[in-house]
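> Kindly generate the corresponding structure for this input.
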Amino acid sequence: MFKWIKENKIVIIMMLIFETVALSLFLSTQNLFYLLNFNYIGICVSIGIYLMSHKVKYARNFVQFGVGLYMLIYLGVICRENMQIEGFWYYLFLGVFEAATIHYFVAKIAGPLFFGRGWCGNACWTGMILDLLPYKTPKSDRKKLGWLRYIVFLLSLTFVSSLFIFKVENVENIMFWSFLIGNIIYYILGILLAFIFKDNRAFCKYICPITVFLKPASYFSYLRVKCDKSKCINCKKCIKSCPMNVDMLNDSRKRKYGTECILCGNCIRNCPKNALDIKH
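Predicted coordinates:
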């Protein structure tokens, strides 16, 4: 029993984090939705991590679609909650602690201090589609286009703040349609960039505004992929298979593209000597 707990420590910790968030929000708001919502996400993520640690094929896809479709279809379309960054700004300006603000705090602001950009690799509804495209490993060098994400970030902030400044009517309805249209644009742009740069994650590297939140906290992430130097043969298959071009051979927080790691596990699965693992 103790051996199993030790081997699956990360899975247990992850489930406890989501359970704590679920219970805290339920007890403070008396809203059953938060209990069910965060338990569901926690269970999906924990099962996914467990399956990935046992190298089960398509384990990550299970988590991506389990969480991604739930947030996109149920929360976004059926419940009409804008779960994109515009929804975060909207509820933030309203001063309301609703689904989008809670989601951003847990998954993209505070959460990355523990699991880095794990959201991007295991739950993002944009990433779940992009990862199905043919360029799972980048076929070209990384471009110096990361500045584009900051422009998109500012545009989203300007768009929502303008609605409040000019006191536009039917803002709630506008936010719903901006969620639908915004996702369509993201999917089209993401797929186009993937084929242009021969890189499934080109959108994540250059355009996605969420990374403005994710990158700073990810630098201090508790969980990171680390290399056992005694096993490593320096074949660099880990770096070649990384969709985000991260240098996994360097355990330092200053490693190349260190804040870009999405905990997808590609490097771990491709290491012929099992020298890599997710550790604290």
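
> Buried ones in the helix ranked longest in the chain, by neighbour count?
In the chain, taking DSSP state H as the definition, the longest helix is helix 171-197. For helix 171-197, burial by neighbour count (16 or more other C-beta atoms under 10 Å) applies to 171, 174-176, 178-179, 182-183, 186, 189-191, 193-194, 197. (Each C-beta comes from the backbone N, C-alpha and C, glycine too.)

> Looking at those residues, which two lie furthest apart in space?
Greatest spatial distance among these (C-beta to C-beta): 171 and 197, at 36.1 Å.

> re earlier: any idea which of the buried residues of helix 171-197 is closest to residue 75?
Comparing those against residue 75 with C-beta to C-beta picks out residue 179 as the nearest, at 9.8 Å.

> can you give me the helices for the stretch 101-250 of the chain?
Ranges of helices in the stretch 101-250 of the chain, per DSSP state H, counting those that start in this stretch, are 112-115, 118-122, 127-130, 148-165, 171-197, 202-206, 211-218, 237-241.

> could you redo those helices as TSV and give each row distance to residue 67?
Shown next, in TSV, are these (distance: least, C-beta to C-beta, whole Å):
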stretch	distance to residue 67
helix 112-115	13
helix 118-122	7
helix 127-130	8
helix 148-165	22
helix 171-197	15
helix 202-206	16
helix 211-218	16
helix 237-241	23
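
> Tabulate those (a markdown table), appending distance to residue 16 and mean pLDDT.
Shown next, in a markdown table, are these (distance: least, C-beta to C-beta, whole Å; pLDDT from 0 to 100):
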| stretch | distance to residue 16 | mean pLDDT |
| --- | --- | --- |
| helix 112-115 | 11 | 90 |
| helix 118-122 | 15 | 92 |
| helix 127-130 | 25 | 96 |
| helix 148-165 | 32 | 97 |
| helix 171-197 | 31 | 96 |
| helix 202-206 | 28 | 96 |
| helix 211-218 | 20 | 92 |
| helix 237-241 | 29 | 92 |
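
> Indicate which one of the ones you listed is closest to residue 68.
Using C-beta to C-beta, these put helix 127-130 closest to residue 68, at 4.3 Å.

> Point out the other helices and strands that the closest one packs with.
Packing partners of helix 127-130 (3 or more C-beta pairs under 8 Å, 6 or more residues apart in numbering; DSSP states H and E): helix 59-69, helix 171-197, helix 202-206.

> hey, C-alpha coordinates of it in PDB?
What follows is helix 127-130 as a C-alpha-only set of coordinates in PDB (Å, rounded to 0.1, in the frame of the first residue of the first chain):
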ATOM      1  CA  GLY A 127      -4.800  22.100 -27.700                       C
ATOM      2  CA  MET A 128      -7.000  19.000 -27.800                       C
ATOM      3  CA  ILE A 129      -7.700  19.600 -31.500                       C
ATOM      4  CA  LEU A 130      -4.200  20.900 -32.400                       C
END
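
> Can you tell me the number of residues neighbouring the residue nearest to residue 199 when sequence neighbours are not counted?
Closest residue to residue 199 apart from its sequence neighbours, by C-beta to C-beta, 6 or more residues apart in numbering: residue 138 at 4.2 Å. Neighbours of residue 138 under the rule other C-beta atoms under 10 Å: 21.

> Then residue 30?
By the criterion of other C-beta under 10 Å, residue 30 has 9 neighbours.
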